[in-house]
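S.K.: okay, sequence plus prediction incoming.
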Amino acid sequence: MRRNFLICSVGSFAIALCAVALNATALGAVSSTKGKGDPRPVLLVLGDSLSAEYGLQRGSGWVALLANRLQQSGSNYTVVNASISGDTTSGGRTRLPALLKQHRPAIVIIELGGNDGLRGLPVARMKDNLAAMVRAAQGAGAQVIVVGIRIPPNYGRNYTEGFYGTFADVAQQSNAALVPFILEGFTDSPDFFQADRIHPNAQAQTRILQTVWPVLEPLLSKAAKAMK
């Protein structure tokens, strides 16, 4: 077991530092509905516990809900969830090349950075990792969405503002799409968090999807056509 830092919901700011013992590899979620020879374009999600269904029944996280919505809407996509609880931007940067080679995604959603911030890792390093992942995905022909997160104010104004601004900076500089804050709209309500007050519960997953969907929807047809 190793000690990782995750996100919890407390008070009006709604995000606080928590230290919990987690086995990052055991909590990873990698799923795909695409079979060999399947011509459908792939949507790849590269994230941490917020996307890896931590503490949730399998198939109830926002990524699974996204796959269901795509199917119901007739979008010709298969979704691969390559998220691992406790992962950082450094971990994602290391894992991404093999995922791009294996799945050749049309769209990549990068939901990483929260653990970097909560560990107090250098913002410049996180920015470099995020930018490298965006470049790699775009170089492989994928449309990219960068998903932002906030950290608590006790890290100091310069760090917290620099941290949060990094997601928008990377997206703007690389012409990637941006979801500014994945937990937008419900962080002040304990009703949307698990008993550990760290992770969004099943009820919150729909809210997360509602935040991601307006940014993703315009890319769906564009990315699918580009992959043909």
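M.R.: Okay, I see it.
S.K.: in this structure, which helix has the most residues?
M.R.: Criterion DSSP state H: the longest helix present in the chain is helix 202-226.
S.K.: tell me what that helix is packed against?
M.R.: Other elements packing on helix 202-226 under the criterion 3 or more C-beta pairs under 8 Å, 6 or more residues apart in numbering; DSSP states H and E are helix 62-72, strand 107-111, strand 143-147, strand 177-179. For every residue, glycine as well, the C-beta is placed using N, CA and C.
S.K.: taking strand 143-147 as reference, get the angle to it.
M.R.: Helix 202-226 runs at 160 degrees relative to strand 143-147, counting by axes from the mean of the first three to the mean of the last three C-alpha atoms, to 10 degrees.
S.K.: so for helix 202-226, what gets flagged as buried?
M.R.: Residues of helix 202-226 classed as buried: 202, 204-205, 207-209, 211-212, 215-216, 219-220, 223-224 (neighbour count, 16 or more other C-beta atoms under 10 Å).
S.K.: and Q102, how many neighbours does it have?
M.R.: Per other C-beta atoms under 10 Å, the neighbour tally for Q102 reads 13.
S.K.: likewise V147?
M.R.: Using other C-beta under 10 Å, V147 is surrounded by 27 other residues.
S.K.: adding distance to P190 and pLDDT, write the buried residues of helix 202-226 out as CSV.
M.R.: Conversion of the buried residues of helix 202-226 to CSV gives the following (distance: C-beta to C-beta, whole Å; pLDDT from 0 to 100):
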residue, distance to P190, pLDDT
A202, 14, 96
A204, 11, 98
Q205, 16, 98
R207, 14, 97
I208, 16, 98
L209, 20, 98
T211, 19, 98
V212, 22, 98
V215, 27, 98
L216, 28, 97
L219, 33, 96
L220, 34, 94
A223, 37, 64
A224, 39, 58
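S.K.: with distance to D116 added, can I get these in TSV?
M.R.: Below are the buried residues of helix 202-226 laid out as TSV (distance: C-beta to C-beta, whole Å):
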residue	distance to D116
A202	26
A204	22
Q205	23
R207	24
I208	20
L209	24
T211	21
V212	20
V215	22
L216	23
L219	25
L220	29
A223	27
A224	32
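S.K.: closest one of the residues you listed to L178?
M.R.: When these are ranked by distance to L178 (C-beta to C-beta), V215 comes first, at 6.9 Å.
S.K.: let me see the backbone angles for V42.
M.R.: phi -110, psi 140 (degrees, to the nearest 10).
S.K.: could you find the closest non-adjacent residue to it?
M.R.: P105 (4.2 Å; C-beta to C-beta, 6 or more residues apart in numbering).
S.K.: what helices or strands is the helix or strand in which N158 is found leaning on?
M.R.: Using DSSP states H and E, N158 maps to helix 157-174. Applying 3+ C-beta pairs under 8 Å, 6+ apart, one finds that helix 157-174 makes contact with helix 123-139, strand 143-147, strand 177-179.
S.K.: using JSON lines, lay out these together with distance to G113 and mean pLDDT.
M.R.: Listed next are the helices and strands packed on helix 157-174 as JSON lines, based on distance: least, C-beta to C-beta, whole Å; pLDDT from 0 to 100:
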{"stretch": "helix 123-139", "distance to G113": "6", "mean pLDDT": "98"}
{"stretch": "strand 143-147", "distance to G113": "8", "mean pLDDT": "98"}
{"stretch": "strand 177-179", "distance to G113": "12", "mean pLDDT": "98"}
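S.K.: so which of these comes closest to A64?
M.R.: Closest among the helices and strands packed on helix 157-174, using C-beta to C-beta: strand 143-147, at 16.5 Å.
S.K.: what angle do the closest one and helix 157-174 make?
M.R.: On the basis of the same axes, to 10 degrees, strand 143-147 is oriented at 170 degrees to helix 157-174.
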